[in-house]
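Asks: Structure for the following, please:
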Amino acid sequence: MLWLKEHGIASVAESVLNSEELDKAVAHLLVVARNDGYAQGYVECSHDVANALKVDWDNIKSATHGVNTEAALAAAKTQFNTLQLSVMDLINVALHSEEFMMRLREFFPNREEGEDEDLS
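Replies: Predicted coordinates:
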């Protein structure tokens, strides 16, 4: 259990935070959120300009004209909230094993050789 306290928990957290799946999901969510913010801001701004100047404002020139950015953002949020990380699948398998500590130590070996004997 000392290994788990001193290495295991940090290794799990590090593996999750450094996972390629999480990086890709966060990057995708940021791009989609930025696009939705741009689209919503453009619509709001064009509406305000049209009201202030009493003119019709053509928003066809907007990069997001005709794109349902709200739906894209909702889908990206759902994808992020249901993200499956391969490292978590490995941990789940280990935790259902009778020898879960040994399995975890196999997945997350100590960084320095010889450390393993000191913690036994």
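
Asks: rest of the way, CA atoms for contacts and neighbours
Replies: OK.

Asks: in the lengthiest helix in the chain, what counts as buried?
Replies: Identified as the longest helix of the chain according to DSSP state H is helix 20-53. Within helix 20-53, the residues that count as buried by 16 or more other C-alpha atoms under 10 Å are 21-22, 25, 28-29, 32-33, 35-36, 38-39, 42-43, 46-47.

Asks: Which of those sits closest to residue 7?
Replies: Checking the buried residues of helix 20-53 against residue 7 by C-alpha to C-alpha gives residue 22 as the nearest, at 21.6 Å.

Asks: Please verify my assumption that the closest one contacts residue 88.
Replies: No: contact status for residue 22 versus residue 88: not in contact, 11.6 Å apart, counting by C-alpha atoms under 8 Å.

Asks: what mean pLDDT does the helix or strand harbouring residue 73 have?
Replies: Taking DSSP states H and E as the definition, residue 73 sits inside helix 69-81. Taken as a whole, helix 69-81 has an average pLDDT of 96.

Asks: Return the set of buried residues in the helix or strand just after that helix.
Replies: Counting by DSSP H and E, the element after helix 69-81 in chain order, helix or strand, is helix 86-95. Buried residues in helix 86-95, counted by 16+ other C-alpha under 10 Å: 87, 91, 94.
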